[in-house]
Structures are given as structure tokens and as C-alpha cells.
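In: Output the structure for:
(2 chains)
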Amino acid sequence: MNDLLPFLVVGVTTGSIYGLAAMGLVLTYKTSGIFNFAHGAIAALAAYAFYDLTTLRGLPWPVALLLAAVVLPPVLAVSLERMARGLAGASVTMKIVATVGLQLAITGALMAHYGAAGLPFPTFLPVDTVTVSGVHVGIDQLISASVAAAGAAAFFLFFRLSSLGVRMRAVVDDPDLLELTGTSAFAVRSWAWLIGSWFAAISGILLAPQIGLDALLLTLLVVQAYGAAAVGMFASLPLTYAGGLLIGVLAAFATTIAAGSQALAGLPPAVPFLVLFVVLLVAGRSRLADAGTHRPAPVSAPLLTPRATRGFAVAATVLAAAVPLLAGPRLPVYANALVFLLIFTSLYLLVRISGQVSLAHAALVAVGSATFSHLAVGAGLPWLLAVLLAGAAAVPVGAVVAIPAIRLSGLFLALATFGFGLLLERLLYRSGVMFGATGTLPAARPEHFSSDTAFYYVLLAFAAGGMVLVAAVTRSRLGRLLRAMADSPTSLATLGAGINVTRVTVFCVSAFIAGIAGALHASVSQSATGTPFTAYASLTWLAVLVLFSVARSAAPVLAALFLTVAPAYSSSDTAVDWMPVLFGLGAMLVALHEASARPRTTTGDGTAGASSRARERIGAPSAARERLQAAAGRAGGRAGPDTGRLRVGRPRQQGDTR
Amino acid sequence: MTSSEHDGLRVDGLTIAFGGNTAVDGLSFAAPRGRITGLIGPNGAGKTTTFNACSGLLRPSAGSVRLFGTDITGRGPAARAQHGLGRTFQRMDLFDSLTVEQNIALGLEARLARSNPLKQLRCPRRDRTSVRAATEAVLELCDLGPHRGDPAGSLSTGQRRLVDLGRVLAGGFDMLLLDEPSSGLDSAETRRFGRIVTRVVADSGCGVLLVEHDMSLVMSICEHLYVLDFGKMIFEGDPADVRASDAVRAAYLGSEAA
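Out: Predicted coordinates for the structure are as follows:
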């Protein structure tokens, strides 16, 4: 047991910080209905600000701490609150994309300005150790853990006892009712964003000494917080903090278990995602009703007539066919663009046609890539067969990703798929099943098409095939079912369609195309590697695809060109470094724009949607009751306990015996 | 067992509780084929809750729901629809980004696609013909032809009600649950809606269970009425009996008349 104590200390220290970050995340999510994917980016920003002020500008650390952890967050909170207000009533996809965009922008800016490599973080806390019952404990660890624990406890008391805390809980329950009593929900939400940003900033500065100053790592800190938030069912603050501790301790113990085992090396960093994925799967939709209101998609006429679209498609194909004559030494860039065109096409089917957000898409591409190498080089299968089988291998993985889609929708589906993608990345990318310990596998081009030009045409054929397939699916019965499901899954089910089957089917089709794209990616570069297919890439792809959503079905083409070809024509590295910032901000603006273009109210019964967030409250007492309410609310009308509340004011006349 | 027990929707001892609040308490009623049955009651009487339990969106705490002699209490909404139960929504949950024609066609198409991935992927030629025929018939019946190409999200409430109805009519369901179809309609639109429903029942012989507030519509098209209050059945009978009932007047009409 004593062998485990040091790990317990480490686990409690980091876990306490995760818990603090997660509490801020849950608070802002519950009060505003926006799940802030940029929460970790705020943590990273604060840590970098601290580094900049101390190491680069030479300020004493208490001053830097004050500026980075206390003064900076209000600035961010104001813009976050503004963004959240702009997103009220937006579709879940747009709510996700907006904060994902912000995350990409902040992380991208940090990496562009300070470099992508990790930096040494200044130690500002004493690093002496004290011995507690035979275990050496760093004083910095003690301080970190106690600061986080004290922050969490103070906030919990504040939330329970203070008048502002009560108002925050009221905003979660019913913002409109609160406004009627003369309290501004806006002011309360601003406070929530402020506290959330403070918690993020503090956790970033406390965590940076332990994991080093790395924008990507710190940003992904939020994912540890997702796991903690999931343990608290995205609602209970004490459970969320406990979830943070649990994840910290489990990850620390996983380190001891995995020590010396090659197969389990990826386990410790994967623990939070394992927790996230499992909790979301087990908890299911009963407890995880999506926050916020859903409004119907904006209705607008297509930009182009079908005839014009066909014309453009032909012109684009001709242009693409002429690329080898025009591109010269940049031909490989265009070959890569075709692969990404296929990737974006499969993502488009999922996100834009069926309205489901998957953040595990890069993992599907990686599965295709690795399988192709194993089959084509390892087993010596013919090239084409190996490519098709690589697509087929991604299908069951896609089906696994789709399991959460049966139980969850919107935000929680996105979170579950993100967790799954990270799980696969941390656990399997480096294992023998996928890319092996070195991270790369050999891959080859087909025998008679190995020149860049010849292979370019092979890729063009696949890309065109993929687009035709997606166009065909869109026009098929499945396409109609998917678009109907994106608008109203409930009524589609009451008309007799098995919507779970619909959901899984579209994930499988999308995974098949993504798997083929993975095989082609390996083939182009003649080596299969998982490096470009991180969960972070999944986020970027989603943002870039949405950025071009105004182009409708041409969005995949523009997204692929922008992501792969544009950097190749840029003369300066600086511009390339700052491109992710552009993607992120662009996606955020597109999401905000789409939200503002929506009608503010729907026809008919306006209360049904508006009260939906009132259904879940912090520390909700009864799961069964919420499940019934959620189902009844979805079915329409004023069923459920709301009836009881509404009935209080109902005029009863003679014969009223109650 | 009489033939009427196999014929239509039959609810026995339905009880639905939300925590400590019993919304529907031991409710029993029957809505046979070929008849328009009304379910009325004041706000909060439990009508929509009953509807949701019938169409599978809510699990009852006790009691059973039988459709054409089969116990469907444990089945999900899609399975019930495949067994012949269609419903509309008070909120008119239309597919807003699709056109009127596509909305109506999906009424049948969703039912034909069922839970079979292959059937969901492609639409056989035979299906295409029947979907087109059903869609055209419904567009004509509901007089929606001029709006066939409009996105459903751009329609007025009156037209949306008709699209919602048209969707279940195209599906060819044998039992229709209509949830407050007149809310948001003016009296002329309501009368037209009533005429369409009456005609469909006369032509196809399907059963209709109607939850409604508009007394003139209920009294004019329903043959049999059940009156709910506080989740309990307080009266049943034909429209004339209901009109004459003191209990109903006290619970419902009284509060409006005063």
C-alpha cells in the first residue's frame, strides 16, 4: 500500500486542479447553455501570460500571478459572455463549433507566437519536500492541491449560501422567471463566466509547472475536466470536483500499472477519456438532456440551381484533371488536397446532412491508414483490395462511435466521440494493431500508377467517386430520412422509421469513406502514420468545414483546398503558423452569424422549447422524473411536472372540490 | 372477447406518475376503427400525457396500451407506428427544412423504411410509385398543392397543421392520434380541418383519437367523448350527453363560461 501513496499524492494534486477547472466548466455550461470547448485554451492563455510576464519581462511572480490569474480572466469573460449571448437559440452544432473555433484560435495564436514546442515553466512555488507518514510530498504540490480545494470549497459555499449563488441557481432553473423578479440574468451569467474564467486561469497556472508549458497539452486539460464534469453529470458541482479527484488518482495509479508494459503505455493519459466515454455511455440520455433551446434550421433557397451545380461540378472536375499540367512541383500538395477532399466529404455527410457532430473523425481516417498498411504491405494484398478493405475496417469503428449517437445527441454526442477519438489516439495509435511503437508503417502506391501524375488521377477518381457516393446518399431515401432526423427525430420515429438504425447507418457510410481516405493518405506519402490524425485535427476539420458552410455542397472542396493548398502558396512561415487562428475565428464568426440569422421564436407553442433548460437543474433529484419530463417535453405540449406548476394559477370555478 | 377489443386502440388502467405527481390515474378508454373519438378536459387534465403514453414517448407507471389486439405497452414509437399508429403534434414537429411535398412523402417513406438498414438506404421502384401516389392524394385532399415546393418552415400555422395531418394521412395509419389540431387555427380553418378528418375516416375506415380544446370542433365531428380532469375519467358519452352533464360543466365548461 505504501508503494501507492506517492501516486495518491500526485493523483490528488492534479485531480484537485482538474476538479477546479471542471467546476468552472460546469458552472458556465449550466448558466449559459454553452459548453465551452475553449475552457482549456483559457487555462493555457493564463499560463503563457504568466510565463511571458515573469520569464520574458522579468516581473516578480506575485505581480505576474495577479495579472495573469486575476486581471486577465475578466477581459476574457466579457467576450465569452457576449459570444454565449449571440449563440442563444443556435443549433447545437453551431454552439459546439463556435467554442471549438475559439479554442483553435487561442491555441493557434499561442503556438504561432511562442512556438509549438514546450517551454520550461518558471517554478514560483517552493519545491522543498516534507515527509508526511513516510511519503515525500512537495510543498508546491501541497499548495496547488490546497489552493484548488479551497477554491472549490469556497465556491460551493458561495453557490449555496450567497444571494448571487442563489440567483445563479435561479438562472439555471428559469432565466425568464428570474428576469420577471427584476434580476438581470445577463449580470448573473456574466458573473458565471467570470468565475469560470478565473477557475480556468488558476488551474492553468497550477498545472503548467507539472506538465510544462505546452499550448496543446494545456488546452487538452479541459478534456480531463470533461471527464470530471461527466462524473458530475454536467450538473452537480461537488460530484464534478470529486470526479476530478477520481480521474487524477486513477490516472496516477494507471501509471504504476502501466509501468514496464508496452501495451499499456498509453493507458494513464487515456484514463480521463475512458471515464468520459464510459460515463456518457452508461448515463445515457435520461440524465443528459441537452441544454438550450432548439430552433428549426433557417430556411433559404439553394444558392445554385441543380443545373448550375452540375455545371460547376463538371468545370471543377475538368480543372482538377488539368492540375498536373499546371501545378508543377506542387503536385503532391494537390494530391494531398484530394485525400482531404474525401475526408471532408465524409464529414460533410455526417455533420451537415445528418446534423450529428462527430469529433472522432480523424481516428477513423487513422484506422483506415493503418489497416491499409497492414493489408497491402504486411499481408501483400492487391492495392485496390487493400484500400477497399481499409474502408471496410473503419466501418465497425464507425459503428462503435455511433453507439453514443443512439443514446445521446448534440453536445453529449460530440463529447463522447471526442473522448473516443482521444482514447483511440492515446491507447492504440502506438500499439501493434495500428502504427506500432515507431508510429510509422510502410505503404505503397499501386503498381502501374506510382508516378506522382498517374497516382494523382487515381486519387481524383476516388475523390470524385466519394463525392458522387455522398451525393447519391443525399438524394436517396437515407438522405431524406437524415435531413428529416436533423429537423425532428421524434416525429420521424413516430412515423415509423427506426432512427437508431438511421444514425448508425450514416456513421458507417461516413466511416467507410474516411477509412478509404486514410488508405489513400498512406499511399500518397508512401508511409502510414497517425501523426496528422489527432483529436485536435478532428476539431480543426469541423471548424474548417463549417467555415465554408455557406458554399453548401461545395464546402468540402473549399475546405480541402484551404487546409492543404493555401499554406503551400504562402511565402512566409508566419502566415502558415497563424492560419489556425484564422480557421478558428472564421468558424466562430460563421457560427455566430448563423445563430443571428435564425428566427427568434418558433410558431405555435413557444414555451415548450424555452422551458427545456429548466428541466435540468444543478443537483437534480430524480433521474426518472427528468427522463419522463424530457421525453414528454420532446413530444410537445405541457406534460410532466410543469403541468403541476402551470396549474397553480388555473382559475377553478364552482364544483372545484380540491 | 368481443370484436371491438381487437379493433382499434384500447387503454386499460393507464397510470403515469412524475415523481409524486400522478398526471394520469387509472385511465381506461377505447378508440375503435371507423370512429372519431374525442378526449377532452381542462388544461393540465393529462390529455397530452395520455397521448405520449399511447404513442410510446412515455413509459406508463402502470396499465396497458393495446392496438388492434396486440399489447404495445413495451414498444417504442417506431414499432408502434409500424403497427399502424400515427400521431400529430400540438407543436407541429415538422421537418422544417424540407418542402411540404417531402414532409408528406416522408409520412409513408419513414414507415416503409422501418428499422431495416437496407430499406433505409434505397427506395425500391414499387415504393417510389406508392409514395408518389399517396403524396399526390394527400396534397389534393388537404389542398396543399400550391405549397408543395415551399419549405415547411415558411408556412403559416394553419398550413403547418395541415402538413402535420397530411404526413400521417400519407402514412396510411389505421389509428390516428391528433393532438390539439385546432390550436392556432381560426374558425374557418378549424372547420375545414374537421371536414378533412371526417372524410378520411369515412373513406378509409381508420380510427381517430382527438385531443381538443375547441368545443365546436369536438362536438361537431366526434361520435364519442371521454372527459378527463386531474388525470381521471370523469365522464364518457356522446356529445349530447357531455353537453348535458353537470360534472363536465363544473370541471370544464364552467370555468370558461364564468
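
In: Report how many residues lie close to A:Thr181.
Out: Residues lying near A:Thr181 (other C-beta atoms under 10 Å in any protein chain shown) number 8. All C-beta atoms are positioned from the backbone trio N, CA, C, and that covers glycine.

In: in the helix or strand harbouring A:Ala463, what counts as buried?
Out: With secondary structure defined by DSSP states H and E, A:Ala463 is part of helix A:452-475. Within helix A:452-475, the residues scored as buried using 16 or more other C-beta atoms under 10 Å in any protein chain shown are A:452, A:455-460, A:462-464, A:466-467, A:469-471, A:473-474.

In: mind listing the helices for the stretch 101-250 of chain B?
Out: Assigned by DSSP state H, counting those that start in this stretch, the helices in the stretch 101-250 of chain B fall at B:117-121, B:125-141, B:157-170, B:187-204, B:215-221, B:239-244, B:246-248.

In: As a markdown table, the ones you listed with distance to A:Asp577, mean neighbour count and mean pLDDT would be great.
Out: Output for those, formatted as a markdown table (distance: least, C-beta to C-beta, whole Å; neighbours: other C-beta atoms under 10 Å in any protein chain shown; pLDDT from 0 to 100):
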| stretch | distance to A:Asp577 | mean neighbour count | mean pLDDT |
| --- | --- | --- | --- |
| helix B:117-121 | 44 | 18 | 88 |
| helix B:125-141 | 53 | 16 | 93 |
| helix B:157-170 | 51 | 25 | 93 |
| helix B:187-204 | 61 | 16 | 92 |
| helix B:215-221 | 67 | 18 | 89 |
| helix B:239-244 | 76 | 15 | 89 |
| helix B:246-248 | 75 | 15 | 83 |
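
In: would JSON lines of these with distance to B:Phe29 be doable?
Out: Listed next are the helices of the stretch 101-250 of chain B as JSON lines, based on distance: least, C-beta to C-beta, whole Å:
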{"stretch": "helix B:117-121", "distance to B:Phe29": "34"}
{"stretch": "helix B:125-141", "distance to B:Phe29": "28"}
{"stretch": "helix B:157-170", "distance to B:Phe29": "20"}
{"stretch": "helix B:187-204", "distance to B:Phe29": "18"}
{"stretch": "helix B:215-221", "distance to B:Phe29": "15"}
{"stretch": "helix B:239-244", "distance to B:Phe29": "14"}
{"stretch": "helix B:246-248", "distance to B:Phe29": "15"}
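
In: How about the stretch 151-258 of chain B: which residue is closest to chain A?
Out: B:Ala250 (2.8 Å; C-beta to the nearest C-beta).

In: can you give me the strands in chain A?
Out: Using DSSP state E, the strands of chain A run over residues A:129-132, A:135-138, A:440-442, A:527-529.

In: Redo these as a markdown table? Include mean neighbour count, distance to chain B and mean pLDDT.
Out: As requested, the strands of chain A are exported to a markdown table (neighbours: other C-beta atoms under 10 Å in any protein chain shown; distance: least, C-beta to the nearest C-beta, whole Å; pLDDT from 0 to 100):
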| stretch | mean neighbour count | distance to chain B | mean pLDDT |
| --- | --- | --- | --- |
| strand A:129-132 | 11 | 47 | 78 |
| strand A:135-138 | 16 | 47 | 79 |
| strand A:440-442 | 16 | 32 | 91 |
| strand A:527-529 | 23 | 30 | 92 |
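
In: Let me have those in CSV, extended by distance to A:Asp52.
Out: Below are these laid out as CSV (distance: least, C-beta to C-beta, whole Å):
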stretch, distance to A:Asp52
strand A:129-132, 29
strand A:135-138, 25
strand A:440-442, 36
strand A:527-529, 33
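
In: looking at the ones you listed, which is closest to B:Arg125?
Out: The minimum distance between B:Arg125 and the strands of chain A falls on strand A:527-529, with 42.8 Å, by C-beta to C-beta.

In: partner strands of the closest one, parallel or antiparallel?
Out: Paired with strand A:527-529 in the same sheet, following DSSP bridges, are strand A:440-442 (antiparallel).

In: residues making contact with the partner strand?
Out: A:370, A:373-374, A:377, A:435, A:522, A:526-529 (C-beta atoms under 8 Å, 6 or more residues apart in numbering or on different chains).

In: need the residues of the stretch 151-258 of chain B near chain A, please.
Out: Within the stretch 151-258 of chain B, the residues that sit near chain A (C-beta under 8 Å from any C-beta of the partner chain) are B:151, B:153-154, B:156-157, B:160, B:167-168, B:171, B:179-180, B:183-184, B:230, B:246-247, B:249-251, B:254-255, B:258.

In: Among those, name the buried ones.
Out: Applying 16+ other C-beta under 10 Å to these flags B:151, B:153, B:160, B:167-168, B:171, B:179-180, B:183-184, B:230, B:249-251, B:254-255 as buried.

In: burial measure for residue 51, as a count.
Out: In the absence of a named chain, chain A is used. 21.

In: you looked at the wrong chain, it should be chain B
Out: 27.

In: Can you verify it is assigned to a helix?
Out: Yes - looking at B:Phe51 with DSSP: H, G, I helix; E, B strand; the rest coil, it is inside a helix.

In: Might one say that it is in contact with B:Glu212?
Out: No - the pair B:Phe51 / B:Glu212 is not scored as a contact, 11.4 Å apart, by C-beta atoms under 8 Å.

In: Residues that sit against both of the two, list them.
Out: B:Leu39.

In: Domain parsing of chain A, as residue ranges.
Out: Chain A resolves into domains spanning A:5-287, A:310-535 when parsed by automatic domain parsing.

In: Which of these comes out lowest on mean pLDDT?
Out: Mean pLDDT is lowest for domain A:5-287 out of those, coming in at a mean of 86.

In: Would you pull up how far that one lies from the middle of the chain?
Out: 15 Å (C-alpha atoms, centre = their mean, to the nearest Å).

In: Nearest to chain B within the stretch 451-600 of chain A, name that residue for me.
Out: Closest point on the stretch 451-600 of chain A to chain B, by C-beta to the nearest C-beta, is A:Gly498, at 2.6 Å.

In: how many other residues sit next to that residue?
Out: Quick note: A:Gly498 (other C-beta under 10 Å) scores 26 neighbours.

In: Can you give me the neighbour number for the closest residue to it other than its chain neighbours?
Out: Closest residue to A:Gly498 apart from its sequence neighbours, by C-beta to C-beta, 6 or more residues apart in numbering or on different chains: B:Ser115 at 2.6 Å. For B:Ser115, the neighbour count with other C-beta under 10 Å is 17.

In: Next, count neighbours for the residue lying closest to A:Tyr226 once chain neighbours are set aside.
Out: In space, and not counting its chain neighbours, A:Tyr226 is closest to A:Leu276: 5.2 Å by C-beta to C-beta, 6+ apart. Residues near A:Leu276, counting by other C-beta under 10 Å, number 28.

In: how's chain B carved up into domains?
Out: Taken from automatic domain parsing, chain B resolves into B:1-84+B:174-258, B:98-172.

In: Among those, which one carries the weakest average confidence?
Out: Among those, domain B:1-84+B:174-258 carries the lowest mean pLDDT (a mean of 87).

In: from what I can see A:Leu460 touches A:Ala320, true?
Out: Yes - counting by C-beta under 8 Å, A:Leu460 does reach A:Ala320; the two are 5.7 Å apart.

In: any common contacting residues for those two?
Out: A:Leu338.

In: Strands of chain B, start to end?
Out: B:9-18, B:21-31, B:36-40, B:62-67, B:70-71, B:85-87, B:175-179, B:207-211, B:224-229, B:232-237.
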